[in-house]
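Q: Would you be able to build a 3D model of this:
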Amino acid sequence: MKKRLVVFGATGSIGTQTLDVVEKNPNDFDVLGLSAKNNLEKLKELAKKFNPTLGITLETDKMMDMVNHPEADMVVFACSGADTLEVLLQAIRNKKQIAIANKELIVEHGEEIMREALLNQVTIVPIDSEHSGIFQILQGNKNREIEKIILTCSGGPFLNTPEKDFKSITFDQAIKHPNWNMGKKISVDSATMMNKSLEIIEAHYLFGIEPEKIEVLIHPQSIVHALVQFTDGSLIAHMGYPDMRIPISYALYYPQSPANDLPRIDLTDKKLEFLKPDTQKFPSINFAYRALELGGDFPKRLNRANEEAVNLFEKGELRFDEIFKYIEKSAFLC
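A: Residues are numbered from 1 along each chain as shown. From the prediction side, this is the model:
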């Protein structure tokens, strides 16, 4: 029986890759509804291709109608921004399967979302490669005690760029990620390592892990996405080719795991390196621990400050090297 999907954020990077997986597996999925934030023309093109029976929308009210529809099996939150909180909560209350790539929702409202999911016995399946990796490791190790989890990051395009050269980095340079095919905002976040900062907060809420048990390692090859250290001394790594369609496919098919023709890793052709992050050069990583320690609305303030900084950087009103101080001041000092 086909799984019937509603995809929010269909025109973005994760949304289009989600629909690529759907298109390649027509016997497994039907698209019931699609939404986008503002790209109506592309949304209309997708509607012609997938013929969603519930139509397309740019409006939150229509999104609510889609998650209330009894025929929808799974809702994919590939959209960005935290303005779809009520839609997500309603989807959970309706006991829909949830696949989520929306960091902002989890960072700003993670406690409320996970509480609602627990109450309604709904599993939130993360799409982010790191959190998908942790999720998959923990599926087979539910009775083992976690000592720590390790999130990896490539280090972005400026890992080896001297800090003194940060002030001359342009927006176009910052959105060129060395390994992943991603949207502009998340690419800038990767360049500043704010992406990893937000993912620390995300992991804390998704898996109920104390912040002090969450670590970050730089892994330039982007092959190992996450690791879990157990108290018995064993360390389990989740590995995969850096292609977002792999964690997307896992989320769409969960709890099944069918074969696919997505890229495989040739380990004989790879050198795997791991480095400690330079938190003086990239202070953004420590912002997550600070926000979680302060609690309250500080994770939300951190996310909003970062969004403002990226927007100003894109407009040319903030230099790359000024992003860190802008975020710190806006999130913690105002």
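
Q: pLDDT weak spots in the stretch 151-300 of the chain?
A: For the stretch 151-300 of the chain, the stretches with pLDDT under 70 are 178-182.

Q: Next, give phi and psi for R93.
A: phi -60, psi -30 (degrees, to the nearest 10).

Q: pretty sure it is touching Q121, no?
A: No. Between R93 and Q121 no contact is recorded; they are 11.3 Å apart, counting by Cβ atoms under 8 Å. Backbone N, C-alpha and C define where each C-beta goes, glycine included.

Q: neighbour count winner among those two?
A: When neighbours are counted by other Cβ atoms under 10 Å, R93 comes out ahead of the other of R93 and Q121, with 15 against 8.

Q: quick one: contacts for the more buried one?
A: Contacts for R93 were tallied using Cβ atoms under 8 Å, 6 or more residues apart in numbering; they are E116, N120.

Q: Can you tell me how far it is from I113?
A: Separation of R93 from I113 (Cβ to Cβ, to the nearest Å) stands at 12 Å.

Q: same deal with H69?
A: 21 Å.

Q: Could you do D65 as well?
A: 21 Å.

Q: do the same with I186
A: From I186 to I113 the distance is 20 Å (Cβ to Cβ).

Q: What does the pLDDT read for the closest residue to V31 other than its chain neighbours?
A: Spatial nearest neighbour of V31, excluding adjacent residues (Cβ to Cβ, 6 or more residues apart in numbering): F50 at 4.1 Å. We have a pLDDT of 98 for F50.

Q: OK, contacts around F50?
A: L19, V22, E23, V31, L34.

Q: Mind putting those residues into JSON lines with neighbour count, pLDDT and secondary structure?
A: Converted to JSON lines, the contacts of F50 look like this (neighbours: other Cβ atoms under 10 Å; pLDDT from 0 to 100; DSSP: H, G, I helix; E, B strand; the rest coil):
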{"residue": "L19", "neighbour count": "23", "pLDDT": "98", "secondary structure": "helix"}
{"residue": "V22", "neighbour count": "22", "pLDDT": "98", "secondary structure": "helix"}
{"residue": "E23", "neighbour count": "12", "pLDDT": "97", "secondary structure": "helix"}
{"residue": "V31", "neighbour count": "23", "pLDDT": "98", "secondary structure": "strand"}
{"residue": "L34", "neighbour count": "27", "pLDDT": "98", "secondary structure": "strand"}
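
Q: Quick check: the two most widely separated of the residues you listed?
A: Largest separation among the contacts of F50 by Cβ to Cβ: E23 and L34, giving 12.9 Å.

Q: burial count for S154?
A: 21.

Q: Look up how far V224 lies from it.
A: 11 Å.

Q: repeat for A288
A: Distance, A288 to V224, using Cβ to Cβ: 20 Å.

Q: Show me which of the two is the more surrounded one.
A: A288 (25 against 18).

Q: Which secondary structure state does T161 sit in?
A: coil (DSSP: H, G, I helix; E, B strand; the rest coil).

Q: right, and it touches S168 too?
A: No. The pair T161 / S168 is not scored as a contact, 9.6 Å apart, by Cβ under 8 Å.

Q: between these two, which one's more packed in?
A: With other Cβ under 10 Å as the criterion, T161 and S168 differ in neighbour count, and T161 comes out ahead with 16 against 11.
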